[in-house]
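**Student:** got a structure for you, letters missing:
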């Protein structure tokens with residue numbers, strides 16, 4: 001591994017890492033070609049280790065102007081992710097994501 005945390009050419013990448021498995025153990029997942037994340041009850045495969053809140057909402061098939069994304073961390077903590085905020089999927093403790101949509105109501 002180079003000093004800037006990019007893999008060397010001969011360092012093998014895992015094919016697919018399920019983020020929820022490592023998050024439940026509060027462990028940092030290894031670098032991979034694909035990361036499997038869960039948003040609500042649906043699993044999605046993403047090709048990068050960093051993803052924005054807006055991308056997560058879009059991946060869930062929701063309207064980013066009406067919905068927010070929340071990140072569930074190891075130990076039960078929940079954090080709201082802003083649309084332009086980057087989430088590091090390889091950080092220890094990342095378990096899953098949940099959408100929170102705000103419906104317009106009269107009154």
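**Tutor:** The structure has been received and is ready for your questions. On a predicted model such as this, the values are computed, not experimentally measured, just so you know. Numbering: from 1, shown residues only.
**Student:** for residue 34, grab the count of nearby residues.
**Tutor:** Using other CB atoms under 10 Å, residue 34 has 14 other residues around it. Heads up, the C-betas are built off the backbone N, CA and C, glycines and all.
**Student:** no, scratch that, I was asking about residue 62
**Tutor:** Around residue 62 there are 18 residues (other CB under 10 Å).
**Student:** does the closest residue in space to it that isn't next to it in sequence have beta-bridge partners, and which?
**Tutor:** Of all residues not flanking residue 62 in the chain, residue 99 sits nearest, at 5.1 Å (CB to CB, 6 or more residues apart in numbering). Beta-bridge pairing of residue 99 under DSSP bridges involves residue 69.
**Student:** how far away is residue 16 from residue 27?
**Tutor:** Relative to residue 27, residue 16 is positioned 16 Å away (CB to CB, to the nearest Å).
**Student:** do residue 82 as well
**Tutor:** 26 Å.
**Student:** show me the strands in this protein, by range?
**Tutor:** With DSSP state E as the criterion, the chain has strands at 14-18, 32-39, 42-46, 50-52, 67-73, 78-81, 86-88, 94-101.
**Student:** let's have the ones you listed in JSON lines, adding mean pLDDT.
**Tutor:** Shown next, in JSON lines, are those (pLDDT from 0 to 100):
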{"stretch": "strand 14-18", "mean pLDDT": "96"}
{"stretch": "strand 32-39", "mean pLDDT": "97"}
{"stretch": "strand 42-46", "mean pLDDT": "98"}
{"stretch": "strand 50-52", "mean pLDDT": "97"}
{"stretch": "strand 67-73", "mean pLDDT": "95"}
{"stretch": "strand 78-81", "mean pLDDT": "96"}
{"stretch": "strand 86-88", "mean pLDDT": "97"}
{"stretch": "strand 94-101", "mean pLDDT": "96"}
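**Student:** to residue 59, which of the ones you listed lies closest?
**Tutor:** Proximity to residue 59 (CB to CB) singles out strand 42-46 among the strands of the chain, at 5.3 Å.
**Student:** got the buried residues for the closest one?
**Tutor:** If you call a residue buried by 16 or more other CB atoms under 10 Å, then strand 42-46 has these buried ones: residue 46.
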